[in-house]
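**Student:** Using only what follows, build the 3D model:
(one chain, ligands or ions: 1)
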Amino acid sequence: MLRYKVVEKFISINGEGRLAGELAVFIRFQGCNLACSYCDTTWANQEEAPYELMTAEELYSYIKETKVCNITLTGGEPLLNPKMDVLLRLLGEDQSLNIEIETNGSVDLAPFAKLERPPVFTMDYKLPSSLMEADMMISNFDVLGTKDTVKFVVGDFRDLERAREIIRGHQLISKCQVYLSTVFGKISLDEVVTYMKTHKMNGVRLQLQMHKVIWDPNLRGV
Ligand code: SF4
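**Tutor:** From the prediction side, this is the model:
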């Protein structure tokens, strides 16, 4: 039977993308193919991380029981699961659900964008300080639409420069939503806003890591 490795499922505030600030059900899947320098969910990426095996139908039932209509599939890297399309198809049949998937930028999004009702993608572009930029799949920029988001997590000024270069070079503002977020404790929000002002970064939004403002930054399941 087809089952998914779920390390966490909970209701919280959506911190990212166009539905930021609204309630969402989070489903966190085990495993990631990257090892970002600032990862705050490394525990979920380990083979030995405790997980619950759930079928697509069980996940759908859980989601419906919560009575929350925004769903965020996250990880780790949720699209590593070879059968994620099965779950996305099932959830996509329910028109009352808004399905969003957080993905790390290294997995080809084209097959998922071709689904009858594709999810909304919130895709990271990993910048130099993550040490994972070489794994980014640039062709994904051609798949994204106006509902989708590219998020740049910035740890220093070199990252800001690279983000600006990518945003301009791929004309991301005209394709999708573009957010800058910060690595907690590495660069201040003030510094990022100053950079945005200096370089007139119209159309780019600063994103606060809401759960780290509301709760203890190290708390899980929020
Ligand atoms: S892609 Fe996300 S989950 Fe994977 S190592 Fe990087 S920050 Fe962690």
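**Student:** now the helices: where do they sit in this protein?
**Tutor:** Ranges of helices in the chain, per DSSP state H, are 42-45, 56-66, 84-92, 110-113, 157-169, 189-198, 210-214.
**Student:** The ligand is nearest to which of those?
**Tutor:** Closest to the ligand of the helices of the chain, according to CB to the nearest ligand atom: helix 42-45, at 5.7 Å. Using the backbone N, CA and C atoms, a C-beta is placed for each residue, glycine as well.
**Student:** starting at the chain centroid, how far to that closest one?
**Tutor:** Computed by CA atoms, centre = their mean, to the nearest Å, the chain-centroid distance of helix 42-45 equals 15 Å.
**Student:** Can you give me the buried ones in it?
**Tutor:** 44-45 (16 or more other CB atoms under 10 Å).
**Student:** Now do the buried residues in stretch 156-174.
**Tutor:** So for stretch 156-174, counting by 16+ other CB under 10 Å, buried means 156, 159-160, 162-164, 166-167, 170, 172.
**Student:** Just send the residues you listed back as CSV, with distance to the ligand too.
**Tutor:** Listed next are these as CSV, based on distance: CB to the nearest ligand atom, whole Å:
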residue, distance to the ligand
156, 16
159, 14
160, 18
162, 16
163, 16
164, 21
166, 17
167, 20
170, 20
172, 19
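**Student:** which stretches of this protein have low pLDDT?
**Tutor:** By pLDDT under 70, the weakly predicted segments of the chain are 217-222.
**Student:** Which other helices and strands does the longest strand along it contact?
**Tutor:** If you go by DSSP state E, the chain has its longest strand at strand 4-13. With contacts taken as 3 or more CB pairs under 8 Å, 6 or more residues apart in numbering; DSSP states H and E, strand 4-13 sits against strand 23-29, strand 52-54, helix 56-66, helix 210-214.
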